[in-house]
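Asker: Build me a structure from this.
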Amino acid sequence: ARKLIMDDEGVVDENDEQVWYNCMAARWKNRWTMALWMTIYVAVNVLLFFQWANHYYHREEATALYGNCIVVARGSANALNFNAFLALIMVCKHFITGLRKTPLRFIMPFDSLHQLHIVVGVVFFILANVHVLAHICNTHRFAKADREEIYDLFEEKVNPPDDYSERWLFMLFHTRPGITGIIMLVCLYVAYLFVVNRHKHFNRFWYSHHLLLVMLIAMVVHGTQNLLQHFETLYWLIGPLILYFLPRIWRETPLSRLKVEKVDIKKGDVVQLRLEKPK
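Answerer: Predicted coordinates:
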């Protein structure tokens with residue numbers, strides 16, 4: 001459909017070159033920050049992925065045991081840390097409100113954080129599945145490996161049984177990464193299952209979405225056994241977790257409670273609430 005733009009003299013066709021230029025200039029003025037930050041976001045994801053992927057690609061004892069599966073697993077894990085950090089920091093409402101009062105409001109798309117949160121969530125889901133598939137490959141290769149190859153990589157940190165099927169169970173239920181990995185996977189799929197129908201069943205979406213907080217806590221613990229390297233997720237998430245939980249805990253205290261001044265039922269099943277203004 002062709003859009004028509006009104007001016008003082010009447011109707012102007014949008015195909016007019018000057019009008020088209022003015023429309024594009026207005027759109028770019030409103031969206032340049034989003035385009036800038038999306039470019040930075042993609043670039044940082046690619047950089048973080050290849051940072052650890054390249055490191056493990058040149059780590060001979062790791063590729064001898066796991067092949068390129070470990071390269072993909074470690075690269076996606078590094079990008080997952082970054083996306084988990086972003087997804088959580090975007091829902092720290094008090095922190096974001098504080099940033100809005102700074103000069104950062106001129107260069108950061110605060111009004112588009114909801115859309116950015118969805119984008120980060122989709123990327124996180126994709127990376128999580130890539131990470132899981134890579135670790136399935138790793139577990140298969142681990143179960144078939146010789147003890148010498150396992151010792152070269154893990155030294156005395158891991159002492160698996162000899163049977164193939166028992167090694168699978170060992171990695172899943174007898175190691176911290178395996179146990180927390182299962183917890184994270186269950187939380188992830190249950191939470192994302194209700195995202196699809198969040199408009200029709202918002203309460204289900206709201207409560208199930210909190211499983212992602214459980215997932216992030218498990219994610220912090222996931223690498224603390226230090227099997228391949230020193231854990232890093234804690235440093236990515238400890239700040240956002242504190243910024244998220246402190247205001248929520250504060251809201252449950254008597255000091256933060258507001259007085260309800262008026263409740264009125266309007267037409268169309270609308271409830272009007274008049275609250276005391278916070279200090």
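
Asker: switch to C-alpha atoms for all contacts and neighbour counts from now on
Answerer: Will do.

Asker: Next, residue 225: phi, psi?
Answerer: Residue 225 adopts backbone torsions of phi -80, psi -10, taken as degrees, to the nearest 10.

Asker: Not counting sequence-adjacent ones, nearest residue to it?
Answerer: The shortest distance from residue 225 to any non-neighbouring residue, by C-alpha to C-alpha, 6 or more residues apart in numbering, is to residue 176 (6.3 Å).

Asker: What's the separation between that neighbour and residue 87?
Answerer: The gap separating residue 176 from residue 87 is 24 Å, by C-alpha to C-alpha, to the nearest Å.

Asker: do the same with residue 41
Answerer: For residue 41, the distance to residue 87 - C-alpha to C-alpha - is 12 Å.

Asker: So between these two, which is more surrounded?
Answerer: Neighbour count, other C-alpha atoms under 10 Å: between residue 41 and residue 87, residue 87 has more, with 19 against 16.

Asker: Isn't the more buried one up against residue 117?
Answerer: Yes. If you go by C-alpha atoms under 8 Å, residue 87 and residue 117 touch, sitting 5.7 Å apart.

Asker: from memory residue 141 sits against residue 63, does it?
Answerer: No. When contacts are counted by C-alpha under 8 Å, residue 141 is not listed as touching residue 63 (10.6 Å).

Asker: And the pLDDT at the most centrally placed residue in the chain?
Answerer: Centroid-nearest residue in the chain: residue 84, 3.4 Å away (criterion: C-alpha atoms, centre = their mean). Here, the pLDDT recorded for residue 84 equals 96.

Asker: For it, list the residues it contacts.
Answerer: 124, 216, 237 (C-alpha atoms under 8 Å, 6 or more residues apart in numbering).

Asker: Where does it sit, in terms of helix or strand?
Answerer: helix 69-89 (DSSP states H and E).

Asker: Kindly report the same for residue 116.
Answerer: Secondary structure (DSSP H and E) places residue 116 in helix 113-144.

Asker: could you check the angle helix 69-89 makes with that helix?
Answerer: Here helix 113-144 runs at 150 degrees with respect to helix 69-89, directions being taken by axes from the mean of the first three to the mean of the last three C-alpha atoms, to 10 degrees.

Asker: burial measure for residue 52, as a count.
Answerer: Using other C-alpha under 10 Å: residue 52 sits among 20 other residues.

Asker: I'd assumed residue 71 was in contact with it.
Answerer: Yes. Counting by C-alpha under 8 Å, residue 52 does reach residue 71; the two are 7.4 Å apart.

Asker: hang on, the earlier thing: out of the contacts of residue 84, which is nearest to residue 33?
Answerer: residue 124 (22.1 Å; C-alpha to C-alpha).

Asker: who's in contact with that closest one?
Answerer: With C-alpha under 8 Å, 6+ apart, residue 124 has these contacts: 80, 83, 84.

Asker: ok, now with 10 Å
Answerer: 76, 79, 80, 81, 82, 83, 84, 87, 118, 130, 188 (C-alpha atoms under 10 Å, 6 or more residues apart in numbering).

Asker: List only buried entries from those residues.
Answerer: For the contacts of residue 124, a burial check counting by 16 or more other C-alpha atoms under 10 Å picks out 76, 79, 80, 81, 82, 83, 84, 87, 130, 188.
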